[in-house]
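Peer 1: Requesting a structural model of the entry that follows:
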Amino acid sequence: MLDYELLLEKNIINKKNFILDNYHLINLDEVDVLIILMIEFLIENNEFVTINKLEEKMSLSAQKIDARIKRLVEQRYLSIDTYSSKNSINTINVYTKIIEKLNIKEFKHKEEVKKIGDANIIKLLEKEFSRKMTPLEIATIKEWVETYSDELINYAIKESSMRNIKNLKYIETILIEQARVLNG
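Peer 2: Predicted structure coming up:
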């Protein structure tokens, strides 16, 4: 599994891009994300974060911002650190929650691959497509494994690869056609 914490800490992964790409995993909406990013913007610019400062920078009322921040704190997306007689908002929990979800998602993906009779097919396709298979694609591949022989599936993948067509529908078309030819 990727060590997202280390990648974020070393700025290998851009924090803003990371949250924008993954906020949906932890049930945040766009307003929540904008507030979090605005808080980070203020902190990066050494400005003290207040509801009034956020209201100045955003098109939301102070009441709406305050309600959102209270909810985000209650749900532990944000925390308020009290030190030196001033409050500071900490956003680290947002990233921690996203990382937990990504690790769970990656773990489930690995478990799903293991459940398939021949995980080599998944690995082969992931290598050919240079990406992980989606749950819908894994379901399609499960159907293939139940319907076609491993040799036929591997043949269809090789045919698709030789034509540089990275598409499961194309592979499935080859499978159907070859099965029809073999079965007469």
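Peer 1: Okay, buried residues for the longest helix seen in the chain please.
Peer 2: Assignment by DSSP state H gives helix 92-115 as the longest helix of the chain. For helix 92-115, burial by neighbour count (16 or more other C-beta atoms under 10 Å) applies to 93-95, 97-99, 102, 109, 112-113. Placement of C-beta: from N, CA and C, glycine included.
Peer 1: what pLDDT, on average, does the helix or strand containing Leu7 get?
Peer 2: Taking DSSP states H and E as the definition, Leu7 sits inside helix 4-9. Across helix 4-9, pLDDT averages out at 80.
Peer 1: related to what we said a few turns ago, got TSV for the buried residues of helix 92-115, with pLDDT and distance to Lys142 too?
Peer 2: As requested, the buried residues of helix 92-115 are exported to TSV (pLDDT from 0 to 100; distance: C-beta to C-beta, whole Å):
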residue	pLDDT	distance to Lys142
Asn93	92	36
Val94	94	35
Tyr95	93	34
Lys97	94	30
Ile98	93	28
Ile99	91	29
Leu102	88	23
His109	73	14
Glu112	70	9
Val113	63	11
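Peer 1: List the residues that contact the spatially most central residue of the chain.
Peer 2: What sits nearest the mean C-alpha location of the chain, by C-alpha atoms, centre = their mean, is Asn22, with 5.1 Å. Asn22 makes contact with 98, 101-102, according to C-beta atoms under 8 Å, 6 or more residues apart in numbering.
Peer 1: repeat that with 6 Å
Peer 2: Ile98 (C-beta atoms under 6 Å, 6 or more residues apart in numbering).
Peer 1: Just the buried positions in the helix or strand hosting it, please.
Peer 2: Using DSSP H and E, Asn22 sits in helix 15-22. Within helix 15-22, the residues scored as buried using 16+ other C-beta under 10 Å are 15, 18-19, 22.
Peer 1: Check stretch 21-37 too.
Peer 2: Those would be 22-23, 26, 28, 32-37, for stretch 21-37 by 16+ other C-beta under 10 Å.
Peer 1: Kindly indicate which of those lies nearest Ile153.
Peer 2: Of all the buried residues of stretch 21-37, Asn22 has the smallest distance to Ile153: 32.5 Å, by C-beta to C-beta.
Peer 1: what bits of this structure have low per-residue confidence?
Peer 2: Within the chain, the ranges that satisfy pLDDT under 70 run 1-2, 83-87, 113-119, 184.
Peer 1: how about the helices in it?
Peer 2: Per DSSP H, the chain carries helices over the ranges 4-9, 15-22, 30-44, 51-57, 62-74, 92-115, 119-129, 135-147, 150-162, 168-183.
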